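Undergrad: Model the following, please.
(one chain, ligands or ions: 2)
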Amino acid sequence: MTATNAPILITGAGQRVGLHCAERLLDEGQSVIFSYRSERPGVQALRDRGAIGVFADFSSEAGTLAFIAELHTHTQSLRAIIHNASAWVAETPGDESRAFIDMFSVHMLAPYLINLHCSPLLQRSTPADIVHISDDVVRKGSRQHIAYCATKAGLDSLTLSFAAQFAPLIKVNGIAAAMVMFNEGDDAAYRAKVLNKSALGIEPGPEVIYQSVRYLLDNPYVTGTTLTVNGGRHIK
Ligand SMILES: NC(=O)C1=CN([C@@H]2O[C@H](COP(=O)(O)OP(=O)(O)OC[C@H]3O[C@@H](n4cnc5c(N)ncnc54)[C@H](OP(=O)(O)O)[C@@H]3O)[C@@H](O)[C@H]2O)C=CC1
Ligand SMILES: Nc1nc2c(c(=O)[nH]1)N=C([C@H](O)[C@@H](O)CO)CN2
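TA: Numbering: from 1, shown residues only. Ligands and ions are numbered 1, 2, ... in the order given. Prediction:
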């Protein structure tokens, strides 16, 4: 039996890109389940619109498995899973391992476990999708965010493997983003330096990620693909 209007799960939707994508899905009448770690205004805003918020700390296997168990109490099907949750942490002397383990957990272990344990929920929906939100920086590496980049590269590998494993019932794709939206503390000099890295030289905002998600959800013939959404960094 195919579920109609099965919810879409998006992780890390309490702020910024995830919040925007969750709001746009709700705008289109799509039911949404989202994960959050910190209580933020965006979390309550999504609840107020009828989305179901489920706490998740993906920094450990136990935390991810607890999230998966809680998720199963809220739904018996899923239209899609959007893996958005992420930590962008530079190497800091003295706790390199902690940072690496944390980003491995949120960028690789959590998507891996959620995909494996929740694929039966996706199989009750037609069509069904998994979207991994990754980073264009994987293309060339990063001197300032070595562990972040390596774990996002691992996420891109999961896209290929799960696309092969889950075809034809579930499509699995990625989005390799770059410079979507700055953080509050980013100063003018940093902003100018980052904008200069791309051919288009703009801060596009989170809608470009939603447009990419929409394309992947709507296109029945795309799987195992990672969309580059980087303002032309690769041709600069
Ligand atoms: N912003 C940009 O310009 C770019 C973004 N991207 C990618 O796009 C996606 C969205 O980016 P953006 O909105 O800036 O992301 P954020 O940095 O705002 O992170 C999104 C959410 O992830 C959650 N999160 C982080 N670590 C964990 C964890 N261990 N367990 C559970 N949740 C966690 C955070 O929760 P909490 O609220 O508790 O902190 C946060 O709200 C990310 O995957 C990012 O890597 C890629 C390139 C550029
Ligand atoms: N989880 C996050 N990942 C990334 C962020 C962010 O704020 N949170 N920001 C970036 C930068 O915008 C980078 O693209 C600038 O070159 C990358 N990833």
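Undergrad: Show the contacting residues for residue 57.
TA: 37, 63, 67 (C-beta atoms under 8 Å, 6 or more residues apart in numbering). Every residue, glycine included, has its C-beta placed from N, CA and C.
Undergrad: and which of those residues is nearest to residue 144?
TA: residue 37 (24.0 Å; C-beta to C-beta).
Undergrad: got the contact list for that closest one?
TA: Counting by C-beta under 8 Å, 6+ apart, residue 37 has contacts 12, 14, 55, 56, 57, 58, 85.
Undergrad: Quick check, residue 115 in contact with residue 158.
TA: Yes - between residue 115 and residue 158 there is a contact under C-beta atoms under 8 Å: 7.3 Å.
Undergrad: ok now stretch 158-167, how far from the chain's centre?
TA: Relative to the centre of its chain, stretch 158-167 is centred 16 Å away, using C-alpha atoms, centre = their mean, to the nearest Å.
Undergrad: close to ligand 2, is the one helix or strand in the chain whose mean pLDDT sits lowest?
TA: Across the helices and strands of the chain, mean confidence by mean pLDDT, DSSP states H and E is lowest for helix 96-104: a mean of 95. No - remark: helix 96-104 sits outside contact range of ligand 2, by C-beta under 6 Å from any ligand atom, the gap being at least 9.2 Å.
Undergrad: okay, now residue 24: neighbour count?
TA: When neighbours are counted by other C-beta atoms under 10 Å, residue 24 registers 18.
Undergrad: who in the protein is up against ligand 2?
TA: 86, 87, 88, 135, 178, 179, 183, 194.
Undergrad: Would you mind checking the residues you listed for buried ones?
TA: Buried members of the residues of the chain next to ligand 2, counted by 16 or more other C-beta atoms under 10 Å: 86, 87, 135, 178, 179.
Undergrad: Among these, which ones lie close to ligand 1?
TA: Contacts with ligand 1 within those, counted by C-beta under 6 Å from any ligand atom: 86, 87, 135, 178, 179.
Undergrad: and which of those residues is nearest ligand 2?
TA: Ranked by distance to ligand 2 (C-beta to the nearest ligand atom), these are led by residue 86 at 3.3 Å.
Undergrad: my guess is the closest one is in a strand, correct?
TA: No - remark: residue 86 does not belong to a strand; assigned using DSSP: H, G, I helix; E, B strand; the rest coil, it is coil.
Undergrad: which residue ranges form the strands in this protein?
TA: According to DSSP state E, the chain carries its strands in the segments 8-10, 32-36, 52-55, 80-83, 129-135, 171-177, 226-229.
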